[in-house]
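Here is my input, please return the structure:
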Amino acid sequence: MPKGITNSIVDLISQAQNLNFLDISHAKQVTDEGLLGFNERPIGIKKLFVNGLTGISAAGLSELINACKGSLRILEAALMDQETMTGAFCQTLSQAFGLEELDLSGNSSIGDDGIASLPKGETKDEQGKTLEVIGLPRLRVLKLNGLVKTTDHSLLKLCQTSRVLEHLELTRCELLTEYSIDGIIKGCTSLVFLDLNGIPAITPAQLEVFRQLRPDLMIRRYLYQNIDPKDNDLRVPRRLMGEKKKKKKGKKGGKKKK
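I've put the predicted structure just below:
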């Protein structure tokens, strides 16, 4: 159970041999202190799930990513809306050149500079001189729902870094405009799914233009964009503003009272 996972347990996990999968999602008691054990040696984690760890900061997550960046293929680090979860860890993540799936949904404190640093991963020689800027060329799945500070330029650069991007979710990335979406649709030819819900600049008319550009691309955008402001768009079903629950009618055919 997530509630039973503490810093001491995570420290024990960090000492495990041949560890290639770790899921400590929603372990509310885990803090940066519990992640310190991972910075002692490289580990071979390929799949890392740390969703909802609201007790850690970007610095703690960076330590964990740094320990497994050479082997990491899937990272789910969503639903961490604490102010300390900034984009500072993205610079370390940019060195995970084999990363295939990334979910940062709901991390509203991640700034645009964090997203901008993801495609800047580079290899260096022994003297620290840059040999090649690689970025995240194997990224297939990218989920940035609710990252309200993300801008066109940063998103476009990140998507262009990948040669195999297939799945992109951008719900509630409210600063985006048709400029970046147009560039992604035209440039990312491997893309098969795109979520554009909650982006004010994307009008129904603009959406139709995008669909004509790529009839084969599945674009998800709900008809009703006027939703309950308390809804973070990360749950289903979505509830429309002002919608009232229907009262259940009593069963017919019951016995009449005398």
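
C-alpha only now, for contacts and for neighbours.
Will do.

In three-state terms, label Ile184 for me.
Under DSSP: H, G, I helix; E, B strand; the rest coil, Ile184 falls in the helix class.

Run through the residues that contact the closest residue to it other than its chain neighbours.
Distance criterion C-alpha to C-alpha, 6 or more residues apart in numbering; nearest residue to Ile184, sequence neighbours excluded, is Leu156 at 6.5 Å. The contact partners of Leu156, by C-alpha atoms under 8 Å, 6 or more residues apart in numbering, come to 180-181, 183-184.

Mind checking which of those residues are buried?
180-181, 184 (16 or more other C-alpha atoms under 10 Å).

related to what we said a few turns ago, roughly how far does the residue nearest to Ile184 sit from Val30?
For Leu156, the distance to Val30 (C-alpha to C-alpha, to the nearest Å) stands at 34 Å.

And for Ser105, the neighbour number?
24 (other C-alpha atoms under 10 Å).

Would you confirm that it contacts Leu147?
Yes. Between Ser105 and Leu147 there is a contact under C-alpha atoms under 8 Å: 6.9 Å.

so after the helix or strand bottoming out on mean pLDDT in the chain, what's the next helix or strand?
One helix or strand of the chain scores below all others by mean pLDDT, DSSP states H and E: strand 130-133, with a mean of 77. Toward the C-terminal end, the helix or strand that comes next after strand 130-133 (DSSP states H and E) is strand 141-143.

what sits against Thr150?
Thr150 neighbours (C-alpha under 8 Å, 6+ apart): 111-112, 115, 173-176.

Nearest to Gly44 among the residues you listed?
Checking the contacts of Thr150 against Gly44 with C-alpha to C-alpha, the nearest one is Ile115 at 24.8 Å.

With adjacent residues omitted, what lies nearest to that closest one?
Residue nearest to Ile115 in three dimensions, not counting chain neighbours: Ser154, with 6.0 Å by C-alpha to C-alpha, 6+ apart.

No further queries at this time; thank you.
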